[in-house]
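In: Fold the following, please.
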Amino acid sequence: MSQCAVMQARSALFDLYGDYLRSRGGRAPVSALVKLLSPLGIAAPAVRTAVSRMVRQGWLHPLRLAAGPGYLLTPRAARRLDEAAARIYRTGKIGWDGRFDMIVLEAGTNRRDRQRLAANLSYLGYGMLDEQNWVATRPGEDVDGLLTEAGVRYERFTAAHTSGTPGAMGVVRRAWDLDEIANAYQEFVSAQRPLLASVTVRSCDEDAYAARFRLVHAWRTFLFRDPQLPPALLPERWPGTSAAAFFDRHAARLRPAADRFVEQCLDGSHRIARQKGPHS
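Out: Here you go, the predicted structure:
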């Protein structure tokens, strides 16, 4: 099965808004959204269904644009995408003061709620010691708000291991499967390398955009897998380091052509609107 076939419209819309539309006002007509997701094999009905779902969930807000009906990021979505972008492109320095942020959850939620909460905590960089005890190497953004919104009672505190870095590395090994994460990084590079090698300076802008979109989409999954631990707590020759360099190199190489394609789709929607006129 191709990568295009397995890409979900809602997830792709988050990528589209975060990587291309956030810097362009965080809004776009639905006609442009359809054009921009078409190269990924996502059909117009799937785009419209995903957009409606994101409106209901509070991620998008409908508005009328010159080019027709459109959708704007809500403040909540803009904050989440900005946080994701900082992690995707690693704009912040990852430090370590020797202390963990610890969360102890009160038992009692049902299985589905626990799974949703676990996914959200993992996204914020927390690892599970057991179902009730979670740990991170730095405080997660809005973790208190997340737990309060979920209706979960909890205790939160900081702690340092009495054995220093060696003891802390033991905690890390309990909370995260570093071998699995390392293998995922190696598989990411192996899967992306041939796809990216096929896109050269002679490729059209649409092909470069599609390749870069799939690259970022695949890299984004590490927001849920990799807590971005400080170097002091990682094994030597960590595959994530070379994978990040691979991602940065190709994301930057394909960006100009991808941006041209995005502008073409947005301009095309505006041009059609002008041709129809206000009374057509």
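
In: where in the stretch 101-250 of the chain is pLDDT low?
Out: Within the stretch 101-250 of the chain, the segments meeting pLDDT under 70 span 108.

In: where along it do the strands fall?
Out: 127-130, 133-136, 154-160 (DSSP state E, counting those that start in this stretch).

In: closest to G26 out of those strands?
Out: With CB to CB as the measure, strand 133-136 is the member of the strands of the stretch 101-250 of the chain nearest G26 (28.8 Å). Bear in mind the C-beta positions are built from the backbone N, C-alpha and C, glycine included.

In: Residues contacting the closest one, please?
Out: By CB atoms under 8 Å, 6 or more residues apart in numbering, the residues outside strand 133-136 that reach it are 100-105, 121, 124-129, 171, 175, 227.

In: again, only using 7 Å
Out: With contact meaning CB atoms under 7 Å, 6 or more residues apart in numbering, strand 133-136 is reached by 100-104, 121, 125-129, 171, 175, 227.

In: Could you do stretch 168-176 as well?
Out: Contacts for stretch 168-176 (CB under 7 Å, 6+ apart): F100, G127, M128, L129, V135, H161, P227, L229, L233.

In: Can you turn the buried part of these into a PyMOL selection?
Out: Per 16 or more other CB atoms under 10 Å, the buried members of these correspond to this PyMOL selection:
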select buried, resi 100+127+128+135+227+229+233
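
In: and which of the contacts of stretch 168-176 is nearest V51?
Out: Set against V51, the nearest of those by CB to CB is P227 (31.0 Å).

In: follow-up on the earlier one: now, the most widely separated pair of the contacts of strand 133-136?
Out: Largest pairwise distance in the contacts of strand 133-136, by CB to CB, is 18.3 Å, between V104 and P227.

In: Spatially central residue for the protein, please.
Out: By CA atoms, centre = their mean, the mean C-alpha position of the chain lies nearest to R220, the distance being 4.1 Å.

In: from what I can see it touches A85, true?
Out: No - assessed by CB atoms under 7 Å, R220 is found out of contact with A85, at 10.0 Å.

In: how about the residue lying closest to A150 once chain neighbours are set aside, what does it touch?
Out: Ranked by CB to CB, 6 or more residues apart in numbering and with sequence neighbours excluded, the top spatial neighbour of A150 is L117, at 5.5 Å. Contact analysis of L117 by CB under 7 Å, 6+ apart lists T109, A150, V152.

In: Including neighbour count, could those residues go into TSV?
Out: Below are these laid out as TSV (neighbours: other CB atoms under 10 Å):
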residue	neighbour count
T109	17
A150	16
V152	17
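
In: between those residues, which is closest to V216?
Out: V216 lies nearest to A150 out of the contacts of L117, by CB to CB, at 28.6 Å.

In: coming back round to it: could you dump the strands of the stretch 101-250 of the chain into a markdown table and include distance to Y185?
Out: Converted to a markdown table, the strands of the stretch 101-250 of the chain look like this (distance: least, CB to CB, whole Å):
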| stretch | distance to Y185 |
| --- | --- |
| strand 127-130 | 17 |
| strand 133-136 | 20 |
| strand 154-160 | 29 |
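
In: Quick check: which of those strands is buried the most?
Out: Scoring the strands of the stretch 101-250 of the chain by mean neighbour count under mean count of other CB atoms under 10 Å gives strand 133-136 as the most buried, with a mean of 20.

In: how distant is it from the center of its chain?
Out: Distance of strand 133-136 from its chain centroid, counting by CA atoms, centre = their mean, to the nearest Å, is 21 Å.
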